[in-house]
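Asker: Predicted model, plus sequence, below.
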Amino acid sequence: MNRTSPPPLLSATHVVFHPPADRRLLKIGAANVVRAFDTLVIGPCRRDPAEHARARRAWWHTAREFDRLYKPKTRWEPPIVVWVAASIAERVNLWRTCSWLRGRGIATRDVSIIELDPTPFSNIPAEPPPPFDGISSVAHHPDTVLVERLRSARPWPTARYDRAVRLWDQFVDSDPSHFVRSCTRGVDGFPELAPLWTFLSAFLPRRTDRGVLCLSRFDELLLTVLSDEWMTPLDVYVHKSQAGDELQQWFLATGDLFTDYRLAQWAQHASAAVERGPGPKPPGHPMLSSAYRLTDAGKRLRNDGLQQLSDAPALSIAGIEAYAPSSPWVVAEAGRLLRL
């Protein structure tokens, strides 16, 4: 085949998981691009597509839908090309897409999956580098690389595709033990699993060897960065401290708006651990329209631990609710998952 001729799969249905990537594919000549964009590593995920879409809209407090995977008007005409970068969020979206396409009766042989190399950690503004990839994107690669990868695109073996579908089923389950077992033991062809569990486990409450319940590592860092002085979510997001540097690693994967989201959950919680006040900007500026400060109750929770799970606001993660008595999953020493 002449290397100057257009790749034959340009006319396929292309799926991407990051907003700039859809424009890049349109630029190189792709005709039908589906943007299945959502940061599924945080917030609720459900097995049923309609229920999943409702849960995600409620999570983001918006009627807008950036995720077009389940949209009724999306045109699914084989062949399908799925583009995936190395970030944990894109990899989870890949599992979901494989499950969705199979549910629509699209054969594995009609789905080509293009996996792109990670973005070098030297380009990531965090020190030390995070233990998971939270930023790699298809859009980070030059057009020449995208065209060459499209020329060599092939379907996955059926067994590997089956494993992707199974991982999504485990990820959205209300019993996370099967998924965590896959992460800790490893699944052939899915190197993202161990780093993903490192990320997810930081949002679950912890239990020490002495049996003391503690905040999740993420919430501990969040309440460490907060102080007696009023701070906007932006102040927290860019805070220069040891705790702030570590927190920044998780923000790379959650996105900046999660800062305000979690602080607002704390401020609305019965524990009164965080107080909320007006920020320097009016509503519509989520990182600047509110300010927060830590109370004495918050200091006690951070320093002394929890009397019960519900002392902290519940947080949706995949198929479970962290801190919810109905979902009593905690992380023990060395990252082991336990049910209370």
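Answerer: Looks like it came in fine.
Asker: which other helices and strands contact the helix of greatest length in the chain?
Answerer: Scanning the chain for the longest helix, with DSSP state H as the assignment, gives helix 88-103. Where contact means 3 or more Cβ pairs under 8 Å, 6 or more residues apart in numbering; DSSP states H and E, helix 88-103 is packed against strand 80-84, strand 111-115, helix 158-171, helix 193-201. In this view, the C-beta of every residue, glycine as well, is placed from N, C-alpha and C.
Asker: What residues of whichever helix or strand comes after the third one count as buried?
Answerer: Just to be clear, that refers to helix 158-171. Downstream of helix 158-171, the next assigned helix or strand under DSSP states H and E is helix 177-185. For helix 177-185, the buried set under the neighbour-count rule, 16 or more other Cβ atoms under 10 Å, comprises 179-180, 182-183.
Asker: For helix 177-185, give the mean pLDDT please.
Answerer: The average pLDDT for helix 177-185 rounds to 97.
Asker: Not counting residues beside it along the chain, what's closest to the residue nearest to the spatial centre of the chain?
Answerer: Centroid-nearest residue in the chain, with Cα atoms, centre = their mean: V41, separated by 2.2 Å. Using Cβ to Cβ, 6 or more residues apart in numbering and skipping residues adjacent in sequence, the residue nearest V41 is A89, 5.0 Å away.
Asker: surely the one you found meets L40?
Answerer: Yes - contact criterion Cβ atoms under 8 Å: A89 and L40 qualify, at 6.3 Å.
Asker: which of these two has more neighbours?
Answerer: More crowded of A89 and L40, by other Cβ atoms under 10 Å: A89, with 28 against 25.
Asker: For the nearest residue to L306 once chain neighbours are set aside, give the beta-bridge partners.
Answerer: Among residues not flanking L306 along the chain, L213 sits closest, at 4.1 Å (Cβ to Cβ, 6+ apart). Beta bridges link L213 to R207, L306 when assigned by DSSP bridges.
Asker: is it fair to say G284 lies in a strand?
Answerer: No - G284 sits outside any strand when classified using DSSP: H, G, I helix; E, B strand; the rest coil, being coil.
Asker: How many residues are close by it?
Answerer: 7.
Asker: where do the strands sit along the chain?
Answerer: 13-16, 32-35, 43-44, 80-84, 111-115, 206-207, 213-214, 274-278, 290-294, 315-318, 320-322, 329-331, 337-339 (DSSP state E).
Asker: Any chance of those in CSV with mean neighbour count, mean pLDDT and distance to S136 as columns?
Answerer: Converted to CSV, the strands of the chain look like this (neighbours: other Cβ atoms under 10 Å; pLDDT from 0 to 100; distance: least, Cβ to Cβ, whole Å):
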stretch, mean neighbour count, mean pLDDT, distance to S136
strand 13-16, 26, 97, 13
strand 32-35, 20, 94, 17
strand 43-44, 20, 96, 20
strand 80-84, 25, 97, 9
strand 111-115, 19, 98, 11
strand 206-207, 20, 96, 28
strand 213-214, 19, 97, 31
strand 274-278, 15, 98, 33
strand 290-294, 21, 98, 31
strand 315-318, 22, 97, 21
strand 320-322, 21, 97, 26
strand 329-331, 22, 97, 26
strand 337-339, 14, 96, 26
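Asker: Just put the ones you listed in JSON lines and tack on distance to T232.
Answerer: Formatted as JSON lines, the strands of the chain follow (distance: least, Cβ to Cβ, whole Å):
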{"stretch": "strand 13-16", "distance to T232": "33"}
{"stretch": "strand 32-35", "distance to T232": "30"}
{"stretch": "strand 43-44", "distance to T232": "22"}
{"stretch": "strand 80-84", "distance to T232": "35"}
{"stretch": "strand 111-115", "distance to T232": "38"}
{"stretch": "strand 206-207", "distance to T232": "28"}
{"stretch": "strand 213-214", "distance to T232": "27"}
{"stretch": "strand 274-278", "distance to T232": "10"}
{"stretch": "strand 290-294", "distance to T232": "5"}
{"stretch": "strand 315-318", "distance to T232": "21"}
{"stretch": "strand 320-322", "distance to T232": "25"}
{"stretch": "strand 329-331", "distance to T232": "30"}
{"stretch": "strand 337-339", "distance to T232": "34"}
